[in-house]
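A.B. asks: this is the structure alone, sequence omitted:
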Ligand code: DGI
Ligand code: FE
Ligand code: FE
Ligand code: FE
């Protein structure tokens, strides 16, 4: 597989300095969570470095990746925010030869989450939300929860994101609601 140095160079070449800083913050946070919760730190690093690899791709290129890979074309109606994770997953296979389904799913579901999530998927989902560069109201609460209970942090993030999206009258991707419904009833 690809070395961290090669990955860093490729990823950096595809995005703004600001977004690359975010990616490094996600990597650092994901490695710390992996250590804390007993997951592979190497897998956390690779998934974190690739998670936003497609974020600045033009929609025309996203569309062609989605069509070629046979992904659900419905996501195109929700723009780059919803498409960039699944598209990065395809590019991770093609550009970097990533074959670990766990790493690929962590990249795929990093924006929306999923009904069932592996430890690595939860780590990338939460690390993306709480990395040191994030500064929205509630981020310190999210960091404190992530330090205590990773599942609670996933649910907190889903509630926070959905509340935010509704407040700005954004359209909710159906998978976002399915994930929220599954997590909000866990343990009840
Ligand atoms: O790529 P990042 O900015 O690091 O973070 P992200 O991939 O977690 O989220 C990107 C954006 O996607 C974030 O501003 C919230 C938005 N988003 C998440 N779920 C939905 C959504 N946007 C819409 N319209 N609908 C959703 O269901
Ligand atoms: Fe993202
Ligand atoms: Fe996120
Ligand atoms: Fe991100």
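C.D. replies: All right, it came through fine. All values derive from a computational prediction rather than experimental measurement. Ligands and ions are numbered 1, 2, ... in the order given.
A.B. asks: hey, which helix is longest across the protein?
C.D. replies: As assigned by DSSP state H, the longest helix anywhere in the chain is helix 17-37.
A.B. asks: whichever helix or strand comes after it vs helix 17-37, what angle?
C.D. replies: Downstream of helix 17-37, the next assigned helix or strand under DSSP states H and E is helix 41-50. For helix 41-50 against helix 17-37, the angle by axes from the mean of the first three to the mean of the last three C-alpha atoms, to 10 degrees is 160 degrees.
A.B. asks: hmm, helix 41-50 in reach of ligand 1?
C.D. replies: No. No part of helix 41-50 sits close enough to ligand 1 to count as contact by C-beta under 6 Å from any ligand atom; the gap is at least 10.7 Å. For glycine as for every other residue, the C-beta is placed from the backbone atoms N, C-alpha and C.
A.B. asks: following that helix, which helix or strand comes up?
C.D. replies: The helix or strand immediately downstream of helix 41-50 is helix 59-69, counting by DSSP H and E.
A.B. asks: same for that following helix, what does it pack against?
C.D. replies: Here helix 59-69 is seen to pack against helix 79-96 when contacts are counted using 3 or more C-beta pairs under 8 Å, 6 or more residues apart in numbering; DSSP states H and E.
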